[in-house]
Each structure stands twice: as structure tokens, then as C-alpha cells.
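S.K.: sequence first, then the predicted structure, then my questions.
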Amino acid sequence: MKRKVTKAIFPVAGLGTRFLPATKSIPKEIMTLVDRPLIQYAIDEARAAGIKEFIFVTSRGKGALEDYFDHSHELESTLRKAGKEDLLEALRDTNMESGAIAYIRQHKALGLGHAVWCARRLIGQEPFAVILPDDVIAAEKPCLQQMVEAHAETGGNMVAAMEVPSEKTSAYGILDIRDDMGALVSVKGMVEKPAANTAPSNLAVIGRYILTPKIFQHLNRLKSGAGGEVQLTDAIAEEISRSNNVYGFRFRGQRFDCGSKAGFLQATVAFGLAREELHEEFIQFLIGMTATRKAAE
């Protein structure tokens, strides 16, 4: 019997240096995309997939992130007295039940693999998800929900994957495909950030994973890989070499790299246009900006 995926790890220990000076005082994960912080999009996606336990791997200076998920009784009381039920409802999505959320410190910035390893004692012997909040995915059915449904059929380990231009393979972990079954691919290898001329495919891993606890055994043995960090990709590659249970999943949706300024701006436009109450005014502004730029040229 395959066990349900009910736990998720959120690695949020990074310093967010690409967004300085903003991240000098606030964690990158609570920077807002339209009117919700990045971490809220990740939490909402996890909830839709049936996640019940939320494990945050944090670092020094992330207190504001922890406070975000606390009840704000004074604010809620003020809104209730003012009859602002719509705003109260929006706040409810930010609240986490006692015991549903846990925080683990990553004391040294040793990479994604190390961040996941830090949460090993809270995972136990269950399959678990890993969600990178920097990767925001616009999808009719949330990406992790798509993956959990596919994982119920396959078991094993699963990584979200998307096609990338060959010249960009050096920015991703790339899959070496054994069997391409459409949405699912069975994987015979993974390479972290290969040069374009050495990449085994152009199917790149992005920030959603469903993993078995065996991954921790591989992370225990790993030394630093690409970039001098402990790479989660290397641990998954080790699992591939020992078993035949790693799959890539071509999700349906559009991924935005909100770890970069350009990606964050692109996501802001896309999510702003998707909001019914903002769409008309926003698109008229964008059309006007485009027309002005063309006239200037």
C-alpha cells in the first residue's frame, strides 16, 4: 500500500541577496506578489495537495516569516468590528493551526540537499514533498496536487520537470530519460547544471519534489557537489543508480522564477492580469506603456 504524502519541507534559509536592499530587513519569502507573499502561494499549493504538516528550514533573521503564520488577534478583532468579512477571510488563509507547522534551523548555507537533510527527524519513514517558494507556478490544478495524484500510481520519487532551451541547461538539474511516457518520464540519470553540449536532454528539474526517506541515507554520505554545496540532485541521482523508482513529471502550468528580479516582475504581470478586479486597469496601463515606448523609438 502506497502511503499518502502529508508532509512538506520548505527550504527558506537563503539570504535573498539578489533582492537587496529589500531583503536586508524582510525575508525574501514574504515579498509580495500582487497582495500575497511568495510563501503563501507555496502554502496554498501544498494545502491543495493534501499536505497537513509544514516544515520550514530557516536561518537567522527569519522571524518575520514565522510571525506571518501567527494569528493577529488585534487585527482580526478590528476587522470584525468594522464588518470587513472579506478581509477577515483573506487573513484566515494565512493562519496555521497549532502543531501543523515546525521550524528547523540550517546553521550553515550548505545547499538545498543539506537543507532537506536538516528536516530528516521530522519526516520519519514517510514519503514527503519539497517545495521551493521561489518557483511560483500558475496552474488550473496546482502543480503539487498534479504530482501527488501521479505519485499515487507510481510511488517512488518524483520531480517536477519542464522543457528549457538547450542554452539554459547549465542553470538547472537535467534529466537523463529512460522512457518517455508523456506527462511521466522514467529517469536513468540526473546531471546538475550541465553545459549545453553535454546535457542528456533539455528536461529540467524545478522546485517541486516528492521523495522517499531513502534520500536521507544518500544525503548522509554526500560531500559537496556543484557550487561547493550539497546538491539534492546528487542524492536523487544516487537513488536512481540503486533503484528504478525515479520519475520526472511534466506539470501543466507556467513556472515563474521569483528568485530573480526579471522572473518576479514577470510573475507580477501575469498574476496581476489574472485578477478580475485588476485586469482592465492594469492591461490598459501596460498597453499605454508599450505604445509610449514604441513612439519613443
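M.R.: Arrived safely, thanks for sending.

S.K.: do you know the pLDDT at Phe19?
M.R.: pLDDT recorded at Phe19 is 82.

S.K.: how many neighbours does the closest residue to it other than its chain neighbours have?
M.R.: Once flanking residues are discounted, Phe19 sits nearest to Lys28: 5.5 Å by Cβ to Cβ, 6 or more residues apart in numbering. Heads up, the C-betas are built off the backbone N, CA and C, glycines and all. Neighbours of Lys28 under the rule other Cβ atoms under 10 Å: 25.

S.K.: so what's Lys28 up against?
M.R.: 14-16, 19, 38, 134, 259 (Cβ atoms under 8 Å, 6 or more residues apart in numbering).

S.K.: one more: Asp93?
M.R.: 40, 44.

S.K.: tell me which element Ala161 falls in.
M.R.: Assigned by DSSP states H and E, Ala161 belongs to strand 157-163.

S.K.: count of neighbours near the closest residue to Lys188 other than its chain neighbours?
M.R.: Spatial nearest neighbour of Lys188, chain neighbours left out: Arg178 (3.9 Å); criterion: Cβ to Cβ, 6+ apart. Arg178 is flanked by 15 other residues according to other Cβ under 10 Å.

S.K.: any of the contacts of Lys28 buried? List them.
M.R.: Listed as buried from the contacts of Lys28 are 14, 16, 19, 38, 134, 259; burial here means 16 or more other Cβ atoms under 10 Å.

S.K.: got the contact list for the third one?
M.R.: The reference is to Phe19. Applying Cβ under 8 Å, 6+ apart to Phe19 gives the contacts 28, 31, 261, 264.

S.K.: pLDDT on the strand holding Ala161, on average?
M.R.: Here the average pLDDT along strand 157-163 is 94.

S.K.: got it, and stretch 248-265?
M.R.: On average, stretch 248-265 scores 94.

S.K.: next one: it to chain centre, how far?
M.R.: 9 Å (Cα atoms, centre = their mean, to the nearest Å).

S.K.: endpoints of it, how far apart?
M.R.: The straight-line separation of the ends of stretch 248-265 (Cα to Cα, to the nearest Å) is 28 Å.

S.K.: contacts for that stretch, please.
M.R.: By Cβ under 8 Å, 6+ apart, stretch 248-265 touches 18-19, 28, 31, 33, 38, 133-141, 143, 146-147, 150, 158-163, 175, 177, 182-185, 187, 203, 205-206, 208, 266-267, 270.

S.K.: of those residues, grab the buried ones for ChimeraX.
M.R.: Entered in ChimeraX, the line below selects the buried ones among the contacts of stretch 248-265, by 16+ other Cβ under 10 Å:
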select :19,28,31,33,38,133,134,135,136,137,143,146,147,150,158,159,160,161,162,175,177,184,185,187,203,205,206,208,267
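
S.K.: biggest helix in this structure by residues?
M.R.: helix 276-296 (DSSP state H).

S.K.: list the buried residues of that one.
M.R.: Of all the residues in helix 276-296, those buried under the rule 16+ other Cβ under 10 Å are Phe282.

S.K.: and that helix, average pLDDT?
M.R.: Throughout helix 276-296, pLDDT has a mean value of 86.

S.K.: let me know the secondary structure of the nearest residue to Phe69 once chain neighbours are set aside.
M.R.: Distances taken as Cβ to Cβ, 6+ apart place Met96 nearest to Phe69, at 4.4 Å, with adjacent residues excluded. Following DSSP: H, G, I helix; E, B strand; the rest coil, we place Met96 in the coil state.

S.K.: correct me, but Met96 touches Phe54?
M.R.: Yes - applying Cβ atoms under 8 Å as the test, Met96 and Phe54 come out as touching, 6.8 Å apart.

S.K.: and these two? which has more neighbours close in?
M.R.: Shown here are Met96 and Phe54; by other Cβ under 10 Å, Phe54 has more neighbours (21 against 13).

S.K.: coming back round to it: sort out for me which of the contacts of stretch 248-265 are in strands.
M.R.: Judged by DSSP state E, the contacts of stretch 248-265 include 33, 135-138, 158-163, 175, 177, 184-185, 187, 203, 205-206, 208 as members of strands.

S.K.: check what pLDDT Leu222 gets.
M.R.: The model reports Leu222 with a pLDDT of 62.

S.K.: next: the one 10 residues further on.
M.R.: For Leu232, the model assigns a pLDDT of 87.

S.K.: who are the packing partners of the lowest-mean-pLDDT helix or strand in the chain?
M.R.: Here the helix or strand of the chain ranked lowest by mean pLDDT, DSSP states H and E is helix 63-68, holding a mean of 78. If you count contacts as 3 or more Cβ pairs under 8 Å, 6 or more residues apart in numbering; DSSP states H and E, helix 63-68 packs onto strand 53-58.
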